[in-house]
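Novice: Based on what follows, work out the 3D shape:
(2 chains)
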2 protein chains.
Amino acid sequence: MDKNSVGIVETQYFTFAKSPNEMVLDSGDTLGPITLAYETYGELNENKSNAIYICHALSGDAHAAGYHQGDKKPGWWDIMIGPGKAFDTNKFFLICSNVIGGCSGSTGPSSINPKTKKPYALDFPAITIKDMVTAQKRLIDHLGIKKLFAVAGGSMGGQQAVKWTVQYPDFIRAAIVIATTTRHTAQQIALHVVGRQAIMSDPAWNNGNYYGKKTPEQGLALARMIGHISYMSDQSMGEKFGRKLRKKENVSYNFSTNFEVESYLRHQGDSFVQRFDANSYLYITRALDYFDLTKDGKLADAFTNVKSKFLLIAFTSDWLYPTYQAKEMVKALKINDIDVSYIEVDSSYGHDAFLIENEGQARLISNYLNRIQKESIDES
Amino acid sequence: MDKNSVGIVETQYFTFAKSPNEMVLDSGDTLGPITLAYETYGELNENKSNAIYICHALSGDAHAAGYHQGDKKPGWWDIMIGPGKAFDTNKFFLICSNVIGGCSGSTGPSSINPKTKKPYALDFPAITIKDMVTAQKRLIDHLGIKKLFAVAGGSMGGQQAVKWTVQYPDFIRAAIVIATTTRHTAQQIALHVVGRQAIMSDPAWNNGNYYGKKTPEQGLALARMIGHISYMSDQSMGEKFGRKLRKKENVSYNFSTNFEVESYLRHQGDSFVQRFDANSYLYITRALDYFDLTKDGKLADAFTNVKSKFLLIAFTSDWLYPTYQAKEMVKALKINDIDVSYIEVDSSYGHDAFLIENEGQARLISNYLNRIQKESIDES
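Specialist: Alright, predicted model coming up:
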């Protein structure tokens, strides 16, 4: 454990929307009770003005930093969160929660449906990015925080961050939005379509009713493999694997794992199924595909009531969310005279660049947070 | 049928490598007898100097142009082949054959193994791009042609075309090489890995033994869907589908087909399984993944004995075989002082641009063939 780690952390749980006060979802359906798994790092200051909400990506969870007791691997954004790091826990109070629909402690399709006492499976209602944010707002209210210093996230986390600024304009000082889009394109939808189809084609999926039985491991692993190709870049895959064969002495023309990249993808798929629920994958990818911030196709109109400032980061080799999508958002924000800093980071790591050791990104964020902090003092 | 169609055509069959003269494959294994399904368009001239070999892509077949009796759809490159078209059948004799390992009339894993009297399935030996070309050369010998005027193809067809120039340097006057690469990168291998995994994960695949039983339709359809995403571009998908929902009046938050792009991909997958054999998909994609023209990583060294001229075409929006790969080949050819014309066509259609109505490509090819014809007369 490095000296800049937040150390040992524990996941906490917040339950709300209990009967008869279920949460009304974007779809009109209701859901309750809802539990959010969350973690916090750093200390909330006296006037509760130093809170930053960290939103996770498709396969993330509430465990963003530090170590769970006995674990060897830290949380998914440990490189960015800790004392002296980009999100400096000496200054800020960080909150990260697992999204609703998820499978890492928050209420999702694998949770028990109070009406049937069995897992929801496909009886779980449809959820959207808006619903994820609505639930996060409930947690913030519970913590007594009146205004977030910032909300931040990459990929799906970035979509939540943007949605926060639109949904609760008076509640956010700054949004740090990384490697994301304001609406999914046909290609992005297509990649998810194939992943969902892979899960639903697995006989073990059984129309979503596999809890307590054989799970659709093969389908979910396939979906993850497809995802992984889109998270890396042509260049990063080339540099990492090239055309390397797995065992030079054993080049067999068979259909087992011949290439290094094949072995890597299979490992990614196989390890993913140990920690992720296939139905959650269906629900969350659909939430992503339905995400569309534009109003009748006009993105600028979405930001008319927004009051927060923005730091936007995009990566040159990100082909899942190409930089032109970030630029569209910059333009729409500027049309509304919103303070936006946009940085295109030259990286070969593709979409996953935001998760990878990245000195540039860390400095951009810490500098930006310092600036916002200074401005907020000047303003007050 | 337009007036520039080659009209009604029939597939022909050529069988060779009969016992005890089986063909020795790249792997060292032998295969025989081998049948090639092929079609020809136009007339072979008296001195047999006007023959052009057309090589097909992964999912193609011998039926490149014209109509089979009763069919409404013409061959896969009908827009390019016919009287007055890019490959002008008034001037040239076109030959197109189904690759070995294929499933459209040529010997492949679904063919009967003479030793067992049952389909080969996975007893079919591994085949490579070199083996495909070797078999094509046997057909050319059979037709009494001493030198090809040209060899042409896109995608996997382009790989065969390049291989022809290396493998039979005295036999080719010109190669027309479109939307292809000289070796698969990790990303390209990865896309195939997932496709193969989808097939092998389908219980109906049954280790390749599904002939006469339920076929691995779902796995093969998934593989085709993944492929299709890589054949189109972000832009072409966006223009064709955008975020359009399939039925506006019926937006249901379920997991059925909600988006137009979803419906399209499913249709592509479902129609593919009607005409393609899953084991052939495994064998042919593996041949593509193993294709590597470089010698110890040096591409220029591969072309030292090449005598043909080259027309190379790449498409700006092709992300399966990006233009940088074509440029690498141009450089390697120029290092060997080989006559190469390289054109980067500005297209939004992605990899599939070479198959799509494309006035620019057609003129490039017809002009190039005219130039080669003129030069060959000047030389003689």
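Novice: Please count neighbours and contacts with C-alpha atoms only from this point.
Specialist: Fine.
Novice: Can you give me every residue that contacts the residue most central in space within chain A?
Specialist: The C-alpha lying nearest the average C-alpha coordinate of chain A belongs to A:Ala57 (Cα atoms, centre = their mean; 1.6 Å). With contact set as Cα atoms under 8 Å, 6 or more residues apart in numbering or on different chains, A:Ala57 has these partners: A:Gly153, A:Gly154, A:Ser155, A:Met156, A:Gly157, A:Gly158.
Novice: How many residues are close by A:Val6?
Specialist: The local packing of A:Val6 (other Cα atoms under 10 Å in any protein chain shown) involves 22 other residues.
Novice: try A:Gly28
Specialist: By other Cα under 10 Å, 10 other residues sit near A:Gly28.
Novice: so how far is B:Pro203 from it?
Specialist: 39 Å (Cα to Cα, to the nearest Å).
Novice: What of A:Val340?
Specialist: In terms of Cα to Cα, A:Val340 sits 52 Å off from B:Pro203.
Novice: Please identify which of these two sits among more neighbours.
Specialist: A side-by-side neighbour count of A:Val340 and B:Pro203, using other Cα under 10 Å, places A:Val340 first with 19 against 16.
Novice: Kindly state the beta-bridge partners for the more buried one.
Specialist: Counting by DSSP bridges, A:Val340 forms beta bridges with A:Phe310.
Novice: Tell me if I'm right that it and A:Val330 touch.
Specialist: Yes - using Cα atoms under 8 Å, A:Val340 is in contact with A:Val330, at 6.9 Å.
Novice: who touches both of these two?
Specialist: Counting by Cα under 8 Å, 6+ apart, the common neighbours of A:Val340 and A:Val330 are A:Leu312.
Novice: ok so, going back, mind putting the contacts of A:Ala57 in JSON lines, distance to chain B, pLDDT and secondary structure included?
Specialist: What follows is the contacts of A:Ala57, written out as JSON lines (distance: Cα to the nearest Cα, whole Å; pLDDT from 0 to 100; DSSP: H, G, I helix; E, B strand; the rest coil):
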{"residue": "A:Gly153", "distance to chain B": "24", "pLDDT": "98", "secondary structure": "strand"}
{"residue": "A:Gly154", "distance to chain B": "21", "pLDDT": "98", "secondary structure": "strand"}
{"residue": "A:Ser155", "distance to chain B": "18", "pLDDT": "98", "secondary structure": "coil"}
{"residue": "A:Met156", "distance to chain B": "18", "pLDDT": "98", "secondary structure": "helix"}
{"residue": "A:Gly157", "distance to chain B": "21", "pLDDT": "98", "secondary structure": "helix"}
{"residue": "A:Gly158", "distance to chain B": "20", "pLDDT": "98", "secondary structure": "helix"}
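Novice: Run me through the strand neighbours of the helix or strand where A:Phe14 lies, direction for each.
Specialist: A:Phe14 belongs to strand A:12-16 when assigned by DSSP states H and E. With DSSP bridges as the test, strand A:12-16 is paired with strand A:34-41 (antiparallel).
Novice: Just the residues contacting the partner strand, thanks.
Specialist: A:6, A:9-18, A:62-65, A:82, A:89, A:93-100, A:104-107, A:135, A:139.
Novice: ok, of the residues you listed, which come out buried?
Specialist: A:6, A:9, A:15-17, A:62-65, A:82, A:89, A:93-100, A:104-107, A:135, A:139 (16 or more other Cα atoms under 10 Å in any protein chain shown).
Novice: Relative to the whole chain's centre, how far out is the host helix or strand of A:Ile176?
Specialist: For A:Ile176, the enclosing helix or strand under DSSP H and E is strand A:172-178. Relative to its chain's centre, strand A:172-178 lies at 14 Å (Cα atoms, centre = their mean, to the nearest Å).
Novice: Can you name the next helix or strand after it?
Specialist: Heading C-terminal from strand A:172-178, the first helix or strand you meet, by DSSP H and E, is helix A:186-201.
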